[in-house]
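S.K.: sequence first, then the predicted structure, then my questions.
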Protein chains: 2
Amino acid sequence: MTAHLLTIGDEILIGQIIDTNSSWMGRELNLKGIRVTSRSSVGDTREAIWNGIEHAAQLADVVIMTGGLGPTKDDITKKVLADYFESEMYLDEPTFERIKGYFTKINRPLPPTMSDQATLPTKATILANKVGTAPGMWFEKDNKVYISLPGVPFEMEYLMTQEVMPRLVQRFQARPIAHRTLLTACEGESMIAQRIEQFEDNLPTHLKVAYLPGLGQVRLRLTGVWEGPVTPTAEAELNAELDVKIREMEAIIPDLVYGYEDDSLAKVIGRKLLEKNWQLGTAESCTGGYIAHLLTEVAGSSAYYPGSVVAYSYEMKEKLLGVPKSLLETEGAVSEACVKAMAEGALDTLGVDIAVAVSGIAGPGGGTPDKPVGTVWMAVATREKTLAAKHIFGRDRLKNIQLTATYALNMVRKVLG
Amino acid sequence: MTAHLLTIGDEILIGQIIDTNSSWMGRELNLKGIRVTSRSSVGDTREAIWNGIEHAAQLADVVIMTGGLGPTKDDITKKVLADYFESEMYLDEPTFERIKGYFTKINRPLPPTMSDQATLPTKATILANKVGTAPGMWFEKDNKVYISLPGVPFEMEYLMTQEVMPRLVQRFQARPIAHRTLLTACEGESMIAQRIEQFEDNLPTHLKVAYLPGLGQVRLRLTGVWEGPVTPTAEAELNAELDVKIREMEAIIPDLVYGYEDDSLAKVIGRKLLEKNWQLGTAESCTGGYIAHLLTEVAGSSAYYPGSVVAYSYEMKEKLLGVPKSLLETEGAVSEACVKAMAEGALDTLGVDIAVAVSGIAGPGGGTPDKPVGTVWMAVATREKTLAAKHIFGRDRLKNIQLTATYALNMVRKVLG
């Protein structure tokens, strides 16, 4: 089965927003064996939307549209869809009730435009949007499926996951397809490829490794597509084969793998802390709270993460973490001695069992010939020992912050064992 | 003049990479009055590329392609282009010399595939790529222009800026187009639409408002397209008209507007702090460092942001912020009294002039009938006064964190005046 993704909205065309929706959808559909064979974006005019739908339907079995469903004047997708599918409009009471309930819940008056939001084409199957106002719509015509979703990413993701994917999988019987993912940190794609080259070369043709690089991390996804007849046991057999192969792959690079599937360094660290019944503290300079954010994004993190300190200035490093003024003056804040003192200070200030500290030059300013932008020191301290490491990342401030966080969390993970 | 952007490559379709090239090009073209009226992405097959070019040419005057020019096997764009324009291939000596020079410069041996990189269609005007190996190509047919560029972002950007834009502007005399953007926080799209409805209704037809919603924020973009004859003063006249209109629009919703164009709440706050020569501190519970991260993402923030405390546990709230234990026991951590005490405590602990504190139930657990998941208290304290506010957001942990940060930063902005 093939899909075409159609994005509607001038803001995409003039580049005011980056189209992350299409990437997300492409990935999710691909995981279920639905191939996105083309994508397009059109502006907010009747003609552009109409022609966009018509063209998309020539290219694929399923057309998934996003955008243009808001209550404002420039959003005309719904009207075009109604005409395209020769459909009347009606006020859908369940949708209107849901929208009213949504505004009651967030304790806001109901804007008058909301009856428009609940006015829908009669030929659409309504996909209830429980995280926003505009519902999704599902149309069928000449054996093709047309789906319209709001452009707000979390609303689109909710509707795709809860409503669209299960219906698509049910409607189009696809060949079994399955995936296993290894998560690695702090090693580059080409170095990993070199280490698992032989494993990859020996894989049967229906198994394939994909490298999904992120900042400081690479996900290795092993995909299997069932090639034999689709028997009742086919899916189980494919999964069993993948379970064996993924263990083989992990055994080649055990030092790099920190988790599986949708895990994260912060979640893995959380589980290790719970096991040990330890509390973790953070003392951040150049990452400015980003490590704390990654840790506390995890639900339940309050069980092992009591708090932290962001010590940007010398004074805060002294006052909140007890870093000696003389040390800051002789060694500087970006030094092995300073991050060790910060981590050890955090153990005391925060009363935790393990603490991580980072200090570096995130940029774009502040670099020196000795310590160029991107230079970062990090330390992890426990009651027994303190380890430190130095890295030199790049010139981009946000990337330096993110890379530092990844490397520091990976260091914590290794110390936790 | 209209343009169509055509991205070539499977990696885009399956969502392995996000298409940032198209956004960049859309923005740059738009600034020069070249309207991107549609975009599309196709896979790495001859048929898909061929049909993609044919379709694109029906939609616009200029087709700009990116991707598929690398030396690897799956990159076939150049061959398809040669056939499409009924063109022979030849080894272009100047290009080959340039590539050889490039490898000499980076001190690497010349890979054998590089003569392929210099083998080009006879009908192409070559656009010299001084920052990579694959040159850009410019074709013309039936009064339409077709441009092919490498997909590597900085190579594409180099060729667009140095070669493509000047040629396009010279070839097509474009109608001026201009934009102004207002940034608003903490009010929904539909409520804003209601307030500016009359303004929108009274706009001349060549001006249009677009709503670009984000989490807790809406950007309002006013676009003007010049409709009269393109005189030397046309662009200036259009810009003057937009300047007047955007001020009119802002005057209707002054309470909601925090900035313009590519600004952010954190940057606006930073500038206000520098003006006042004030230091800001943060004391976060439920946002767990995210507010600190937003503030420190801004280059130069160390000038006004010495540090902060993330106090997740009762103990940290007592120890680092001096919140009385009795208060926590009687009122709870998610209370007006607690956030006020946290903000006031942060003024002292951090030695700052203004402090913001947040405490809430990010979820998914921890809600009670009295204080459901999404309940957040926030306070801003200065040496003169302390203000507090309560909000009830939704059920999603990460969204609650992000919304809380936006609302809290907006509160800081308002207190700063």
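M.R.: Looks like it came in fine.

S.K.: C-alpha only now, for contacts and for neighbours.
M.R.: OK.

S.K.: quick one: A:W138 is in a helix?
M.R.: No: with DSSP: H, G, I helix; E, B strand; the rest coil as the criterion, A:W138 is strand rather than part of a helix.

S.K.: nearest spatial neighbour of it, skipping sequence neighbours?
M.R.: Spatial nearest neighbour of A:W138, excluding adjacent residues (CA to CA, 6 or more residues apart in numbering or on different chains): A:I147 at 4.6 Å.

S.K.: thought the one you found was touching A:L127?
M.R.: No: with the criterion set as CA atoms under 8 Å, A:I147 and A:L127 do not qualify as a contacting pair; they are 9.5 Å apart.

S.K.: state the phi and psi torsions of the residue nearest to A:W138.
M.R.: Note on A:I147: its backbone torsions stand at phi -120, psi 130 [degrees, to the nearest 10].

S.K.: what is the burial count for it?
M.R.: Applying other CA atoms under 10 Å in any protein chain shown, we find 21 other residues in the vicinity of A:I147.

S.K.: need the residues touching each of A:I147 and A:L127.
M.R.: The contact sets of A:I147 and A:L127 overlap at A:136-138 (CA atoms under 8 Å, 6 or more residues apart in numbering or on different chains).

S.K.: leaving out sequence neighbours, find the closest residue to A:I126.
M.R.: Excluding the flanking residues, the one nearest A:I126 by CA to CA, 6+ apart is A:M137, at 5.0 Å.

S.K.: so what's the one you found up against?
M.R.: Contact analysis of A:M137 by CA under 8 Å, 6+ apart lists A:124-127, A:147-149.

S.K.: which of the residues you listed sits closest to B:G345?
M.R.: Of all the contacts of A:M137, A:L149 has the smallest distance to B:G345: 46.1 Å, by CA to CA.

S.K.: which regions of chain A lie under the pLDDT threshold?
M.R.: Along chain A, the parts satisfying pLDDT under 70 run over A:70-75, A:173-174.

S.K.: let's see that with 80 instead.
M.R.: Scanning chain A with the threshold set as pLDDT under 80 gives A:69-75, A:106, A:173-175, A:213.

S.K.: A:G360 is in contact with A:S285, correct?
M.R.: Yes: taking contacts as CA under 8 Å, A:S285 lies within contact range of A:G360: 7.1 Å.

S.K.: these two - which one has more neighbours?
M.R.: Set side by side, A:S285 and A:G360 give different neighbour counts by other CA under 10 Å, the larger being at A:S285 (33 against 30).

S.K.: which residues touch that one?
M.R.: When contacts are counted by CA under 8 Å, 6+ apart, A:S285 touches A:310-313, A:357-360.

S.K.: A:V230: what secondary structure?
M.R.: Recorded secondary structure, A:V230: coil (three-state DSSP).

S.K.: leaving out sequence neighbours, find the closest residue to it.
M.R.: Taking CA to CA, 6+ apart, and ignoring the residues beside it in sequence, A:V230 has A:R175 as its nearest neighbour in space, at 7.1 Å.

S.K.: does that neighbour count as helix, strand or coil?
M.R.: coil.

S.K.: number of residues surrounding it?
M.R.: When neighbours are defined as other CA under 10 Å, A:R175 has 18 of them.

S.K.: right, and it touches A:W226 too?
M.R.: Yes: with contact taken as CA under 8 Å, A:R175 and A:W226 are classed as touching, separated by 6.3 Å.

S.K.: helices of the stretch 51-200 of chain A, start to end?
M.R.: The residue ranges that make up the helices of the stretch 51-200 of chain A, judged by DSSP state H, counting those that start in this stretch, are A:77-84, A:93-105, A:114-117, A:153-159, A:165-171, A:189-195, A:197-201.

S.K.: now for the third one, which elements pack on it?
M.R.: In this case it means helix A:114-117. For helix A:114-117, the helices and strands in contact under the criterion 3 or more CA pairs under 8 Å, 6 or more residues apart in numbering or on different chains; DSSP states H and E are helix A:93-105.

S.K.: got the CA positions of the helix it packs on in CSV?
M.R.: Listed in CSV are the C-alpha atoms of helix A:93-105, where the atom choice follows Å, rounded to 0.1, in the frame of the first residue of the first chain:
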residue,chain,number,x,y,z
GLU,A,93,-23.6,17.4,17.7
PRO,A,94,-21.1,14.9,19.3
THR,A,95,-18.2,17.0,18.0
PHE,A,96,-19.9,20.2,19.3
GLU,A,97,-20.4,18.6,22.7
ARG,A,98,-16.8,17.5,22.8
ILE,A,99,-15.6,21.0,21.9
LYS,A,100,-17.8,22.6,24.5
GLY,A,101,-16.5,20.1,27.1
TYR,A,102,-12.9,20.9,26.1
PHE,A,103,-13.5,24.6,26.8
THR,A,104,-15.2,23.9,30.1
LYS,A,105,-12.3,21.8,31.1
